[in-house]
Structure formats: structure tokens, C-alpha cells
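**Q** sequence first, predicted model second:
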Amino acid sequence: MSHFLEMCTVVLALLLVSNLWFLQRVLNPLRQLCIQAKQLAQGDFDSFEQPSGGIPEVESLRRTMAGMVRHVRRAQEHSYVYAEVLANGQEAERARIARDLHDQTVQSLVAIGQSIEMAQKWIETDPTRASSMLKAARAQSLETISELRDLIGDLRPPALDELGLIAALELQADRYASLPVTIEVEGAEHRLPETHELALFRSVQEALINACRHSHATKVDIKVIYESTGIRLTITDNGMGFTPPKHFEDLIANEHYGLLGIHERIQQLDGKVKVTSEKTVGTTVDIYLPADNFHQPEDAVRDPVCSAVIEPNQAYGSTVYEGQTYYFCCPVCQGAFQREPETYLEPEFAVTNSLT
């Protein structure tokens, strides 16, 4: 009888211990996850950043949910910033195109129409005068066609894709006949990623517009330096100059939208912009873009953090850990892996890096 009671006592003790373990390692962490989920629903995006404890599976679920929240949060932030920048850029571009069309193309077309109308009146009474008027109208139409081609080239310069950055800058400089522009190149010239070349070209374009229309400069010097770690671009004019604000955002108050646009373009590529200016002396815009030359996957691979499929040459970044290269879809996943690489390489949580 005593042996039976001992057996019952042992069984009850084991049940009690197992229930306590289940409560502490499973139920309580799951309840904590529920509380964190409610906090997230109320707008606390950092709720899942605190460890919930418990068995590895529960902690893995918490990390996965935290990663999903980071993805959503980053996507929202980027969408807001991108929408604002895009809207401002589009409005500025539309205003510039409308201004150019009104001041140049429309006025020229009106003059051509008037010349043709007058020639029609003189065709019988004064043929010589009518012929002269039609010749003038034809010459003006050719000039208008040239202006439209320049406008189209501003929207998407063909030389940039076909010949590269320096050739495109030289062609752009040639368009400013009344504003001497010199271009100096140092280092081994080479092609850059399309996004980098376009950002640098647009930056020079904006700087030339500012120098010509607003600073009333009589000279602009452009210097391009190719370095092993990136590319430097300096644009200097001898115009009126101004007092730069401490923060780029304050350029809006002074209506320096061109400089703000340069800053936004370069910042999106992890570059840096510095503007120095002095009244009656001129303005210098210094731009630096880091090289985008990390090794890209040749085949489709998976992000070790979120399991997203990354197509060849489409990785955001890469990290080498213990001799193995891992690729990532975004900075969130790369940062999470760099903080806790062992976590995402544990057998129960590891993701196969290659799809082959």
C-alpha cells in the first residue's frame, strides 16, 4: 500500500512539474505574445521587440512577427517619403516643362501662325514679301523643332544611356552657350550603375539651371573624380551666392527647390551632399556617391532571415559569415542577420540560402 502511495506521489509530482514547466515555458510566453499583438493593434510597432521567453519555437515565432512588423513599418515609411518626394519632383518638373513650353514653344508657334497668316494676305498683292515671310516662318519652325528636341532630351537624355556620364555632361554643357562650362575628369573613367549616373546627371542639370537663372553666374566649373570607393562630383559657379541654412529641409523656406532635389536624389543612394556658398562670391555643390560594387548572386537565392526569393543581381546587400556569403532583400533583414547570425543559422530555424 505504501509503495502505491509513493508511486502516486511521484506521478503527481511529475504532473505538477510538467504543468509548471508548460505554464512557464509555453502558456505564459503565448499570453505575452497575445499582449504584444494587442499592443501592435493599438499602434505600438515596437511591441514585438521585447523577448517573450519560453521554448525556442515561441521565441522564433516572436522574432518572425517582429521581422514582419519591421518590413511593414519600413514599407510605410518609405512609401510616405517616396510619395512626398515624387509628388514634389513631379510638380517641379511639370512646372518647368510648362514654363519652357509657354515661354518658348507656344510663343514660337504663335509667331509662325501670324507669319503664315500675313503671307496669305500678301500672296497676290506682294508675292516677294509673302515669300520672305514664309521663309522666316520656316526658319522659326526649325528652331522650334530644335527646342522641342532639347526639351525631350531633358526628360531622358539619350547620351546618358548610350555614351555614359561624362559624354552626357559635355553635351549638356554645350547647350549653355552664354555660360562657359568646363569639365575636368580625374581617375579611371568607367560606367556606373544607371541610378548613379542619372542622379549625378540630374544634379548637374539642376546646378546649371540655378547658376544660369538664379545666380546669374558667368562661369561654371565641373570636376568629376573617379575613386576606388566611389565618385566625387563638384559644381562651382561664380554667381550671386546665398547663405545656406543649417539643415537641407530649410531650403524649402528659401525656395531652393533645385538644391533640395539634388539632396533627395543623392541621399536615396546613400550619398552625401554639401553646399557652400557666399554672397557675391558663388556657390559650390560637393557630391559623393559610394561605389555600388558588392558581389551579387548569379542564381536565385533565399534571404536567410525572411525566406524571400532574391533573383540574380537583385540583392540589396550581402554579408560574409564563416566563409559563406549570404544575400538579403532589404536592410532590415541584413541588419537582423548581422546582429544575430547564429540565430538564423540554427538547424531548426535555418533557411537554405540557395534554391538549387
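**A** Ah, there it is.

**Q** how about the strands in this protein?
**A** 181-186, 220-226, 230-237, 272-278, 282-290, 301-302, 309-310, 317-321, 324-328 (DSSP state E).

**Q** of all those strands, which one comes closest to residue 63?
**A** Among the strands of the chain, the nearest to residue 63 by C-beta to C-beta is strand 324-328 (15.6 Å). From N, CA and C alone the C-beta is placed, and that goes for glycine too.

**Q** of the strands of the chain, which is nearest residue 193?
**A** Here strand 282-290 is closest among the strands of the chain (C-beta to C-beta), at 9.4 Å.

**Q** can you give me the buried ones in the closest one?
**A** Using 16 or more other C-beta atoms under 10 Å as the test for burial, strand 282-290 gives 282, 283, 284, 285, 287, 288, 289.

**Q** of these, which is the nearest to residue 67?
**A** The closest of those, once distances to residue 67 are taken by C-beta to C-beta, is residue 289, at 29.8 Å.

**Q** is it true that that closest one touches residue 265?
**A** No: with contact defined as C-beta atoms under 8 Å, residue 289 does not count as touching residue 265 (9.9 Å).

**Q** and for the two, which residues touch both?
**A** residue 199 (C-beta atoms under 8 Å, 6 or more residues apart in numbering).

**Q** let me know the pLDDT of the nearest residue to residue 187 once chain neighbours are set aside.
**A** Setting aside the residues directly before and after it, residue 187 is nearest to residue 226 in space (C-beta to C-beta, 6 or more residues apart in numbering), at 3.2 Å. Here, the pLDDT recorded for residue 226 equals 91.

**Q** who does residue 226 bridge with?
**A** residue 231 (DSSP bridges).

**Q** who's in contact with it?
**A** 185, 186, 187, 188, 189, 190.

**Q** wait, which of these is closest to residue 309?
**A** residue 190 (31.1 Å).

**Q** what is the neighbour count of the closest one?
**A** 9 (other C-beta atoms under 10 Å).

**Q** mean pLDDT lowest for which of the strands of the chain?
**A** strand 317-321 (a mean of 81).

**Q** pLDDT wise, what is the spatially most central residue of the chain at?
**A** Closest to where the C-alpha atoms of the chain average out (C-alpha atoms, centre = their mean) is residue 268, at 3.4 Å. With respect to pLDDT, residue 268 has a value of 86.

**Q** how close does it sit to residue 195?
**A** 8 Å (C-beta to C-beta, to the nearest Å).

**Q** swap in residue 104?
**A** Taken as C-beta to C-beta, the span from residue 104 to residue 195 is 30 Å.

**Q** quick one: which of the two has more around it?
**A** residue 104 (16 against 13).

**Q** correct me, but the more buried one touches residue 150?
**A** No: the criterion here is C-beta under 8 Å, and residue 104 misses it with residue 150 at 9.3 Å.

**Q** pull the number of nearby residues for residue 143.
**A** 13.

**Q** retrieve the pLDDT associated with it.
**A** For residue 143, pLDDT reads 87.

**Q** ok so, going back, now the strands of the chain in a markdown table, please, with extra columns for distance to residue 209.
**A** Formatted as a markdown table, these follow (distance: least, C-beta to C-beta, whole Å):
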| stretch | distance to residue 209 |
| --- | --- |
| strand 181-186 | 12 |
| strand 220-226 | 11 |
| strand 230-237 | 11 |
| strand 272-278 | 15 |
| strand 282-290 | 12 |
| strand 301-302 | 43 |
| strand 309-310 | 39 |
| strand 317-321 | 34 |
| strand 324-328 | 38 |
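
**Q** where exactly do the helices run in the chain?
**A** 2-22, 28-41, 56-100, 107-122, 127-155, 158-163, 165-174, 194-209, 257-267, 331-339, 341-345 (DSSP state H).

**Q** and those helices, which one's lowest on average pLDDT?
**A** helix 2-22 (a mean of 64).

**Q** got the domain boundaries for the chain?
**A** Domain assignment for the chain by automatic domain parsing gives 1-155, 162-291, 301-345.

**Q** how long is the shortest one end to end?
**A** When you say that, I think you mean domain 301-345. Domain 301-345 has an end-to-end distance of 15 Å (C-alpha to C-alpha, to the nearest Å).

**Q** contacting residues around stretch 203-217?
**A** 154, 169, 172-173, 176, 178-179, 181, 220, 222, 233, 235, 237-241, 256, 258-259, 261-262, 265-266, 282-283, 285, 287.

**Q** make that stretch 309-329, sorry
**A** Against stretch 309-329 from outside (C-beta under 8 Å, 6+ apart): 294-306, 308, 330-331, 333-334, 337-338, 341, 345, 353, 355.

**Q** tell me how far residue 103 lies from residue 213.
**A** Residue 103 is 12 Å from residue 213, by C-beta to C-beta.

**Q** now residue 190. Nearest residue, chain neighbours left out?
**A** Per C-beta to C-beta, 6+ apart, closest to residue 190 is residue 226, 6.6 Å.

**Q** same check, this time on residue 242
**A** That would be residue 277: by C-beta to C-beta, 6+ apart, it lies 5.3 Å from residue 242.

**Q** ok, how many other residues are close to that neighbour?
**A** Count around residue 277 with other C-beta under 10 Å applied: 19.

**Q** would you confirm that it contacts residue 240?
**A** No: between residue 277 and residue 240 there is no contact under C-beta under 8 Å: 9.1 Å.
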